[in-house]
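>>> Build me a model:
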Amino acid sequence: MIDTDMIARYGPLLLAGLVTTVRVCALASLIAFAFGLVLALLLGARLMIVRAMARLYVEVMRGTPILVILFLLYYGGPSFGLVLDAEPVGVLGLGFYGAAYFAEIFRAGFESIPTGQIEAARMVGLRRRHIVRRIQIPQMLGLIVPPSVNQGIILVKESAVLSIITVAELTKNSMQMANETFAVVEPFLAVALLYWLLIEAISWSGRWIERRVRHV
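This next block holds a predicted model:
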């Protein structure tokens, strides 16, 4: 039998962890989205050295486990004068890690736009920044919503590893509940349900945004 009274007693602790998870993932997603867009633009830059540096960043981040990045920032940061609390490290680590994946999503979105439109814009004298802002980004948005939502869901799931660097997020608090009660089923069943609800909310929001973008 599942001890529902135990879950109710630890409900505030689990909800506090859920709030932390939402806050960290929201901030990390904003960083990943914004920096990923910058990286995608750099991947299409005219200078080869700029493209090479952006590509190197993307490949290194995609080839490195998120836990290694978090360890380098949290435990290795003080060696370079970077001293941050666990939660900011989690936000920055997830954000700059996710940016590499968003960059590839944006790059594919940019490349899906017909080259004829870009050439026509150049012929009428539009500068690159105007082409990006007025032609590429508006058309790209409708294409990238599904993969971007999927990447956001992946970041939420990967945020569970932040418990290892002591961020009091959902998984960390459920482990505290398990350690204090010596129970296994109730803590992790509750945390699984909360993650599922959070991801369903993200999925629903993504579908709503996709419908809105397609009707613009």
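
>>> which residue is nearest the middle of the protein?
For the chain, the residue sitting closest to the mean C-alpha position, by C-alpha atoms, centre = their mean, is S29 at 3.9 Å.

>>> Tell me which residues touch that residue, please.
Applying C-beta atoms under 8 Å, 6 or more residues apart in numbering to S29 gives the contacts 95, 98, 152, 155. Placement of C-beta: from N, CA and C, glycine included.

>>> Of those residues, which pair is most distant in space?
Across the contacts of S29, no pair lies farther apart than G95 and G152, at 11.8 Å, counting by C-beta to C-beta.

>>> re earlier: among the contacts of S29, which lie within helices?
Judged by DSSP state H, the contacts of S29 include 95, 98, 152, 155 as members of helices.

>>> measure P65 to A52 for me?
24 Å (C-beta to C-beta, to the nearest Å).

>>> Check L30 too.
On the measure of C-beta to C-beta, L30 and A52 end up 27 Å apart.

>>> and if you look at A201?
On the measure of C-beta to C-beta, A201 and A52 end up 39 Å apart.

>>> Quick check: buried residues in the lengthiest helix in the chain?
In the chain, with assignment by DSSP H, the single longest helix is helix 11-43. With burial defined by 16 or more other C-beta atoms under 10 Å, the residues of helix 11-43 counted as buried are 13-14, 17-18, 20-22, 24-25, 27-29, 31-33, 35-37, 39-43.

>>> avg pLDDT for that helix?
The average pLDDT for helix 11-43 rounds to 96.

>>> With stretch 205-216 instead?
79.

>>> For A190, what is the enclosing helix or strand?
helix 185-214 (DSSP states H and E).

>>> Flag every buried residue along that helix.
The neighbour-count criterion (16+ other C-beta under 10 Å) identifies 186-187, 190-191, 194-195, 198-199, 202, 206, 209-210 as the buried residues of helix 185-214.
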